[in-house]
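Enquirer: Next input, structure requested:
(one chain, ligands or ions: 3)
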Amino acid sequence: MFGILSPVPLLSGPPVHPLVNIAVSAARSAGNFIMRNLERADTLQIEHKGRNDFVTQVDRGAESEIIKLIHKAYPQHAILGEEGGKIGDNEVVWIIDPLDGTTNFLHRLPHFAVSIGVQIKGVLMHGVIYAPCTQDLYVASRGAGATLNNRRIRVSTCRELDHALVGTGVPIKPEKLPAYLPTLGAVAEATAGIRRAGAASLDLAYVASGKLDAYWEMNLKPWDMAAGLVLVQEAGGIVGELYGEGDPMNSGNVLVATPKIHGPFVDLLNTVRPRFEAAQVDAAS
Ligand code: IPD
Ligand code: CA
Ligand code: CA
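Expert: Residues are numbered from 1 along each chain as shown. Ligands and ions are numbered 1, 2, ... in the order given. The predicted structure follows:
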């Protein structure tokens, strides 16, 4: 949290890409749908996708609303949605988490978001994250910077690991805990504090906007990260796998940080890497 830069108004920014306009409309529309259902969240029919992994008709309804708006504008584009999976085959793929933070939503804890990323020819190009409780809208396009409510955002100027406030996600599957807990211990010892807020897209958006200085999590899915990774990169942050190399979209294991603390964070995670790898082998066997 040290050295946050205030958002800078965009006086005459680049024109917004047409795909981003559709993503923003779709995210707002899905966000409004989610908010209309928030008051009855504790009465919704909950299905278990797996242990501690829930889905409701609100997740599904929000995804349908997003896909409807995308396909109205771009019927040929492909979709990768958390609830409906892959639809179509096209060089443009919309990667959608219609409600990121379902567990928070079910508890009426006001921290969840709609996340829409656009990948073109395999490259993440655009990201939109909308948090309906605060009406915060995060937008980024490759090469055009990142904004929060139309104001330019940058990652924080944090330079020291021991000043860093760090986001994370605790695995929801118990068998994934042995690989994760050594990293939690190492980060707790080395930093100013850890937060587990419960919506991966917002963890990434918070790094992009300087509220957090770094974030790491394991076992994520492409829809948790697609939009947020573009945001972090466009806000000047470093995006990578836990040990610096590799693409988090492939492995699901992500580390993002300000440029000054990314290297020390990788070094820190490397100190517990053997325990992480041994636990992964155990979990696979
Ligand atoms: C979850 C949230 C959570 C993260 C989990 C995700 P969902 O997404 O982003 O913060 O720790 O790994 O699955 O299920 O609420 O869309
Ligand atoms: Ca998610
Ligand atoms: Ca979700």
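Enquirer: Stretch 223-243: which residues count as buried?
Expert: Buried residues in stretch 223-243, defined by neighbour count with 16 or more other CB atoms under 10 Å: 223-242. C-beta coordinates here come from the backbone N, C-alpha and C atoms, glycine included.
Enquirer: The stretch 51-200 of the chain against ligand 3: which residues are in contact?
Expert: When proximity is defined by CB under 5 Å from the ion, the stretch 51-200 of the chain lies next to ligand 3 at 82, 97, 99-100.
Enquirer: Okay, residue 181 and ligand 2: tell me how far apart.
Expert: With the distance defined as CB to the ion, to the nearest Å, residue 181 ends up 22 Å from ligand 2.
Enquirer: Adjust the sequence numbering to begin at 12 for everything that follows.
Expert: Got it, the first residue is 12 from now on, which makes the last one we talked about residue 192.
Enquirer: Give me the number of neighbouring residues for that residue.
Expert: 16 (other CB atoms under 10 Å).
Enquirer: In contact with it, which residues?
Expert: By CB atoms under 8 Å, 6 or more residues apart in numbering, residue 192 lies in contact with nothing.
Enquirer: average pLDDT for the strand or helix carrying it?
Expert: Taking DSSP states H and E as the criterion, residue 192 maps to helix 188-201. Averaged across helix 188-201, pLDDT comes to 96.
Enquirer: For it, buried residues please.
Expert: Across helix 188-201, burial judged by 16+ other CB under 10 Å covers 189-195, 197-198, 201.
Enquirer: what's the helix or strand just after that helix in contact with?
Expert: Using DSSP H and E, the helix or strand that follows helix 188-201 in sequence is strand 204-206. Under the criterion CB under 8 Å, 6+ apart, residues 176-179, 195, 198-199, 223 lie in contact with strand 204-206.
Enquirer: ok now strand 204-206, how far from the chain's centre?
Expert: How far strand 204-206 lies from its chain's middle: 17 Å, per CA atoms, centre = their mean, to the nearest Å.
Enquirer: The helix or strand that it is followed by close to ligand 1?
Expert: Next along the chain after strand 204-206, taking DSSP H and E as the criterion, comes helix 211-219. Yes: Helix 211-219 reaches ligand 1 (CB under 6 Å from any ligand atom) through residue 211.
Enquirer: Please give me every residue in contact with the residue of the stretch 62-211 of the chain found nearest ligand 1.
Expert: Using CB to the nearest ligand atom, the single residue of the stretch 62-211 of the chain nearest to ligand 1 is residue 180, 2.8 Å away. Contacts here follow CB under 8 Å, 6+ apart; on that basis residue 180 touches 207, 209, 211, 214, 228-229, 231.
Enquirer: Tell me which other helices or strands the top helix by length along the chain touches.
Expert: Identified as the longest helix of the chain according to DSSP state H is helix 29-49. If contacts are counted by 3 or more CB pairs under 8 Å, 6 or more residues apart in numbering; DSSP states H and E, helix 29-49 sits against helix 68-84, strand 103-111, strand 124-131, strand 134-142, strand 147-152.
Enquirer: rerun at 6 Å
Expert: helix 68-84, strand 124-131, strand 134-142 (3 or more CB pairs under 6 Å, 6 or more residues apart in numbering; DSSP states H and E).
Enquirer: if I look at the residue in the stretch 112-261 of the chain that ligand 2 sits nearest to, how far off is ligand 1?
Expert: Closest approach between the stretch 112-261 of the chain and ligand 2, counting by CB to the ion: residue 235, at 4.2 Å. Distance of residue 235 to ligand 1, given as CB to the nearest ligand atom, to the nearest Å: 5 Å.
Enquirer: Quick check: that residue touching residue 210?
Expert: No: counting by CB atoms under 6 Å, residue 235 sits too far from residue 210 to count as a contact (8.8 Å).
Enquirer: does the residue of the stretch 12-161 of the chain found nearest ligand 2 have beta-bridge partners, and which?
Expert: At 3.9 Å from ligand 2, residue 111 is the closest residue in the stretch 12-161 of the chain, using CB to the ion. Counting by DSSP bridges, residue 111 is bridged to residue 124.
Enquirer: Return the residues in contact with residue 242.
Expert: By CB atoms under 6 Å, 6 or more residues apart in numbering, residue 242 lies in contact with 138, 149, 151, 157, 216, 219.
Enquirer: and the closest residue in space to the first one that isn't next to it in sequence, what is it in contact with?
Expert: Right, residue 138. Spatial nearest neighbour of residue 138, chain neighbours left out: residue 238 (3.2 Å); criterion: CB to CB, 6 or more residues apart in numbering. Taking CB under 6 Å, 6+ apart, we find residue 238 in contact with 126-128, 138-140.
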